[in-house]
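In: pasting the sequence and the predicted model now:
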Amino acid sequence: MDPKVKAGIWVSMALRLSDIAGRAGAVLRKGDPDSGGILCVLRARDAMVVLSQVRDAEGRPAWMRGTGTVPVDQQAADAYVERQVRRDPDLWVVEFDAPDLKPPFEARLI
């Protein structure tokens with residue numbers, strides 16, 4: 001099993017990679033700095049995707065499109081984030097400008 005990186009450190013790394021790629025990124029909600037889960041909101045001009053941090057069957061870190069396979073509007077993305085935060089108050093929510101709706105960090109999508 002891969003060692004788990006603390007959430008606060010991972011968020012800092014993702015924001016730095018986003019900055020290097022010339023994309024804005026911001027923490028919308030701070031969660032538990034050590035073991036909080038992470039939601040990444042990818043924002044394009046007229047659409048959004050929310051990625052949820054998960055583990056695959058072998059326990060490796062991966063990402064799942066929490067809002068589905070097709071991009072959604074702001075209202076749907078906000079509703080998804082709100083539901084997840086109600087279930088897990090330790091969640092981090094990080095938003096990135098992503099015109100191509102791809103994360104600015106290495107991500108394996110499942």
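Out: Thanks, I have it.

In: quick one: residues contacting the residue nearest the centre of the chain.
Out: What sits nearest the mean C-alpha location of the chain, by CA atoms, centre = their mean, is Cys40, with 1.7 Å. When contacts are counted by CB atoms under 8 Å, 6 or more residues apart in numbering, Cys40 touches 14, 50-51, 53, 63, 94-96, 103. For glycine as for every other residue, the C-beta is placed from the backbone atoms N, C-alpha and C.

In: got those residues as CSV, with pLDDT, secondary structure and distance to Asp34 columns?
Out: CSV is the format used below for the contacts of Cys40 (pLDDT from 0 to 100; DSSP: H, G, I helix; E, B strand; the rest coil; distance: CB to CB, whole Å):
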residue, pLDDT, secondary structure, distance to Asp34
Ala14, 97, helix, 16
Val50, 98, strand, 23
Leu51, 98, strand, 21
Gln53, 92, strand, 14
Trp63, 96, strand, 20
Val94, 98, strand, 16
Glu95, 98, strand, 22
Phe96, 98, strand, 23
Pro103, 96, coil, 22
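
In: and the helices in the protein?
Out: Using DSSP state H, the helices of the chain run over residues 7-20, 74-87.

In: other residues contacting the last one?
Out: Which is helix 74-87. 28-29, 39, 41, 48-50, 52, 66-67, 72, 91, 93.

In: can you rerun that using 7 Å?
Out: By CB atoms under 7 Å, 6 or more residues apart in numbering, the surrounding residues in contact with helix 74-87 are 29, 39, 41, 48, 50, 66-67, 91, 93.

In: again, but for the first one
Out: Helix 7-20 is contacted by residues 25, 27, 31-36, 38, 92, 94, 96, 104-105 when judged by CB under 7 Å, 6+ apart.

In: repeat that for 8 Å
Out: Residues outside helix 7-20 that contact it (CB under 8 Å, 6+ apart) are 5, 24-27, 31-38, 40, 92, 94, 96-97, 103-105.

In: just the buried residues of it, please?
Out: Buried residues in helix 7-20, defined by neighbour count with 16 or more other CB atoms under 10 Å: 7-8, 10-11, 14-15, 17-18.

In: also the last one?
Out: Going by neighbour count (16+ other CB under 10 Å), the buried part of helix 74-87 is 77, 80-81, 84-85.
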